[in-house]
Structures are given as C-alpha cells and as structure tokens.
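J.: coords please:
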Amino acid sequence: MSTLQEAPSTDDVLAITEDVWRSLVGEDEGLVPAPPAPGPYDTASPWSATVTVSGGWHGSITVELGDDLARSLTRRMLAMTEDEALEDADLADAVGELVNMVGGSLKSILPGPSALSLPTVAAGRAAFGTETVEAARLDAHWREHALRVSVHLPTNPPA
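T.: Sure, this is the predicted structure:
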C-alpha cells in the first residue's frame with residue numbers, strides 16, 4: 001500500500017506564487033493571503049489551469065481565478081489597454097502561463113528529477129478526481145479579486 005508523499009507547505013506555495021505574481025504584474029502589485037475558504041473555489045466566471053509533475057515527485061498544481069482577474073492579468077502580461085479586446089485564447093495563454101510558472105517553481109523545490117506537463121486550461125472550475133487529495137492550498141487576493149493555488153497528490157502515487 002502506498003502512502004502520500006510530502007507536499008510543499010502553504011508557506012512555500014505563498015512565497016512562490018508571490019514571486020511569480022510580482023514578476024507578471026509588477027513590484028508594487030502584491031498578493032494578500034486570505035484565510036482558506038471552505039469548499040470549492042466559488043466565482044461566477046472562473047478560469048482554471050493545471051500542470052502535473054511526474055518523476056521523483058507526483059502531483060498537480062492548479063490555479064483558479066475569476067474572469068475579471070484573468071482579464072486584468074492578461075492585459076498586464078500582454079501590455080494591453082482596457083479598451084483593447086481580449087480573445088479567449090489570450091486569456092487561456094495567460095492563465096496557462098501563470099500555472100506553468102508557479103508549477104515550474106514549485107517543481108524546483110520538490111524531489112526530482114521530475115517533469116512538468118503542459119498546462120491544461122479551462123473556462124470553468126477545476127474538478128479534482130477521487131484519486132487525489134488536496135495537500136496545500138493558498139487563497140489570496142489581488143486588489144478585490146480572489147485567486148486560489150492548490151497542490152493535489154495522488155492517493156496512491158506510482159512506486
């Protein structure tokens with residue numbers, strides 16, 4: 001019978017997410033950690049993205065954010081003004097890049113060698129299978145917008 005492997009701490013997830021966030025939106029635009037909200041991420045128009053790590057460590061990292069935050073992030077990443085139209089592909093690229101950067105940075109502090117998958121992005125809430133368990137979660141705000149980063153581990157990791 002397999003046992004759960006060690007996961008990054010919430011402090012690790014916060015530190016890495018803050019570093020990535022500042023690199024994307026600017027030095028004066030920090031995240032504010034929030035008390036963990038119970039239950040699934042709740043927003044009217046969510047975006048979610050997930051990367052998986054496999055090799056010396058197995059798990060997934062997911063970022064969830066509302067449409068307004070996804071739009072603000074995308075505009076900053078692409079140096080677009082508020083009046084420029086955004087396509088869903090632009091939003092998917094930005095949200096995917098956010099999870100890719102957070103996941104890659106977390107992978108670097110986990111046992112390895114490991115590989116990082118390409119991001120899977122959805123205009124919708126992330127769903128987690130019954131074969132995983134949430135091992136770490138960061139709820140934070142940027143301005144008035146909520147962001148969640150979670151780390152899930154397989155309940156039976158590969159040997």
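J.: need the helices for this structure, in chain order.
T.: Applying DSSP state H to the chain gives helices spanning 10-25, 67-77, 88-107.
J.: shouldn't residue 118 be in contact with residue 52?
T.: No - using Cβ atoms under 8 Å, residue 118 makes no contact with residue 52, being 9.4 Å away. To be clear about C-beta, it is placed using only N, CA and C from the backbone, and glycine gets the same treatment.
J.: Redo the helices of the chain as a markdown table? Include mean neighbour count, mean pLDDT and distance to residue 152.
T.: Compiled in a markdown table, these are given as follows (neighbours: other Cβ atoms under 10 Å; pLDDT from 0 to 100; distance: least, Cβ to Cβ, whole Å):
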| stretch | mean neighbour count | mean pLDDT | distance to residue 152 |
| --- | --- | --- | --- |
| helix 10-25 | 17 | 93 | 12 |
| helix 67-77 | 19 | 93 | 21 |
| helix 88-107 | 20 | 96 | 12 |
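J.: Any regions of this protein where pLDDT drops low?
T.: Applying pLDDT under 70 to the chain flags residues 1-4, 27, 40-44, 159.
J.: need the strands for it, in chain order.
T.: With strands called from DSSP state E, the chain shows them at 32-34, 46-55, 59-66, 114-116, 120-122, 132-142, 145-154.
J.: Looking at residue 118 and residue 52, which is more packed in?
T.: residue 52 (19 against 9; other Cβ atoms under 10 Å).
J.: which ones are touching that one?
T.: 58-61, 116-117 (Cβ atoms under 8 Å, 6 or more residues apart in numbering).
J.: Then residue 78?
T.: With Cβ under 8 Å, 6+ apart, residue 78 has these contacts: 90, 94.
J.: So it versus residue 65, what's the distance?
T.: 16 Å (Cβ to Cβ, to the nearest Å).
J.: got it, and residue 13?
T.: Distance from residue 13 to residue 65, by Cβ to Cβ: 15 Å.
J.: center of this structure - which residue?
T.: residue 63 (2.4 Å; Cα atoms, centre = their mean).
J.: Name whatever forms a beta bridge with residue 148.
T.: As for beta bridges, residue 148 partners with residue 64, residue 139 under DSSP bridges.
J.: give the contact list for it.
T.: 37, 41, 62-65, 137-140.
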